[in-house]
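S.K.: Dropping the sequence and predicted coords here.
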Amino acid sequence: MGILEPIEKSDWATSIVPVIKPDGSLRICAYFKVTLNPVLENIDYPLPRMEDIFAKLSDRKLFSKFDLSPAYLHIPKQGLPVLNATRLLHYAIFLSGFDYNIKYQETKKQGNTDALSRLPLKVTSDVLVDIADVFEIAQIETMP
């Protein structure tokens, strides 16, 4: 895994059904009866209501509490599914045409950089400025 490879067809590709709206425009609908519907799993047992759970637990004497949060660290990671790999293939081909390197730079200015969030951050100045200097500079700038 880890390598993007092209495939001939998608396993979940489906036909489309064009529907004409009352205003004359066209709506394209997917017809999943042949591809997706046969593999869907029906839920025969719906989730119980909270009232039903409390009624069953009302006469109980002992209760157990489990902390399963550490168990999530042991879940094995799965590879990239083929369907997602085909969607990402054109990005990989586009980026392979560029010559670039990734370097980690530890600095105060780039410490808050996050390419995913794109949120503006408040810039803090590391330079201490004396108020008297600011006043003098303001006086010099306003001189005729």
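M.R.: All right, it came through fine.
S.K.: show me where this structure has strands.
M.R.: Ranges of strands in the chain, per DSSP state E, are 15-20, 26-31.
S.K.: export those strands to TSV and tack on distance to Arg60?
M.R.: Every C-beta, even on glycine, is put in place using the N, C-alpha and C of the backbone. Output for the strands of the chain, formatted as TSV (distance: least, CB to CB, whole Å):
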stretch	distance to Arg60
strand 15-20	53
strand 26-31	48
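S.K.: Can I get the ones you listed in JSON lines including mean pLDDT, distance to Leu47 and mean neighbour count?
M.R.: As requested, those are exported to JSON lines (pLDDT from 0 to 100; distance: least, CB to CB, whole Å; neighbours: other CB atoms under 10 Å):
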{"stretch": "strand 15-20", "mean pLDDT": "85", "distance to Leu47": "33", "mean neighbour count": "10"}
{"stretch": "strand 26-31", "mean pLDDT": "86", "distance to Leu47": "28", "mean neighbour count": "10"}
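S.K.: nearest residue to Val34 other than its sequence neighbours?
M.R.: Thr14 (6.9 Å; CB to CB, 6 or more residues apart in numbering).
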